[in-house]
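> Okay, sequence plus prediction incoming.
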Amino acid sequence: MTQSTDTPVDPQTPQPGLEPGPSKKLRVAAVGDLHVGENHERPHRALFERVSDDADVLCLCGDLVNFGKTREVEILLEDIRACKIPMVGVLGNHEHECGQPEHVTKMLCDAGVQMLTGQAFEIEGVGFAGGKGFVGGFGRYMLSSFGEASIKTFVQEAVEDANQIENSIRMLRTERSVVLLHYSPVVDTVMGEPPEIHAFLGSSRLAETIDRYDNVSL
């Protein structure tokens, strides 16, 4: 999956950089929900090789492995090493299942993936920010902080995730910026899924955060 956008270019490698360069198109590819398991054997290597030919940047959108196990990530990285272009990424909920998201993040970083949680990076003049995001529902059906303490704790988690994403966006000064998420910021993305689970697939709180910035696209 690739898309092209008119973007400024700076030949530097990914870094927390903020200044635009001369205008050029940057081809951005995005992939998520690979769900690599312990029994997979290089199932996505061809995909990463093809992306290297067709795009300039690869965005990894989370749920790359099934349970966040070390062995799963090792198998994923065997495939990712076939990618020869800059990569940025966020975790999904599946990477949290084994309770070691920091370890998964470190493994991805060590393999050359620029992880965006709490960070912002500039690649060829385009800013990249983002985070996992969280659930909570959309529009007037979005869960509010009211009632039981457990509900308030749940909503506070969503608020803190949105704040973290906003902090990373604020680091950018580029004319063009991309926000990378795992959870959906708009209900349109989850149409086709059972309506009963829409509230567990994303939150309008994420869109409200992103919409404050004119130079950002999803």
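Received it, and whenever you're ready, just let me know what you need. Numbers count the residues shown, from 1 in each chain.
> Walking through the chain, point out its strands one by one.
For the chain, the strands defined by DSSP state E cover 2-8, 23-31, 57-60, 87-89, 113-115, 121-123, 126-131, 176-181, 216-217.
> Quick one: distance of the longest helix anywhere in the chain to the chain centre.
Looking only at the chain and at elements set by DSSP state H, the helix with the highest residue count is helix 149-170. Put simply, helix 149-170 sits 16 Å off its chain's centre (Cα atoms, centre = their mean, to the nearest Å).
> Go ahead and confirm Val126 touches Arg176.
Yes - the pair Val126 / Arg176 is scored as a contact, 5.0 Å apart, by Cβ atoms under 8 Å. The C-beta positions use only the backbone N, C-alpha and C, and glycine is treated the same way.
> Among these two, which residue is more densely surrounded?
With neighbours defined as other Cβ atoms under 10 Å, Val126 and Arg176 compare such that Val126 has more, 26 against 18.
> give me the low-pLDDT residue ranges for the protein?
Low-confidence segments of the chain (pLDDT under 70): 1-23, 42, 217-218.
> Okay, buried residues for the longest helix of the chain please.
155, 158, 161-162, 164-166, 168-169 (16 or more other Cβ atoms under 10 Å).
> And for stretch 197-216?
198-199, 201-207, 209-210, 216.
> Convert the C-alpha atoms of it to PDB, please.
Coordinates of each C-alpha in stretch 197-216 appear next as PDB, following Å, rounded to 0.1, in the frame of the first residue of the first chain:
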ATOM      1  CA  ILE A 197     -17.500  -3.400  18.900                       C
ATOM      2  CA  HIS A 198     -16.900   0.000  17.300                       C
ATOM      3  CA  ALA A 199     -16.300   1.600  20.800                       C
ATOM      4  CA  PHE A 200     -13.400  -0.900  21.200                       C
ATOM      5  CA  LEU A 201     -11.700   0.000  17.900                       C
ATOM      6  CA  GLY A 202     -10.900   3.700  18.300                       C
ATOM      7  CA  SER A 203     -12.000   7.000  19.600                       C
ATOM      8  CA  SER A 204     -13.100  10.400  18.300                       C
ATOM      9  CA  ARG A 205     -10.800  11.800  21.000                       C
ATOM     10  CA  LEU A 206      -7.900  11.000  18.700                       C
ATOM     11  CA  ALA A 207      -9.400  12.900  15.800                       C
ATOM     12  CA  GLU A 208     -10.100  15.900  18.000                       C
ATOM     13  CA  THR A 209      -6.500  16.000  18.900                       C
ATOM     14  CA  ILE A 210      -5.200  15.800  15.300                       C
ATOM     15  CA  ASP A 211      -7.700  18.300  13.900                       C
ATOM     16  CA  ARG A 212      -6.200  21.100  15.900                       C
ATOM     17  CA  TYR A 213      -3.200  21.000  13.500                       C
ATOM     18  CA  ASP A 214      -3.500  22.200   9.900                       C
ATOM     19  CA  ASN A 215      -0.300  20.600   8.700                       C
ATOM     20  CA  VAL A 216      -1.200  17.100   9.600                       C
END
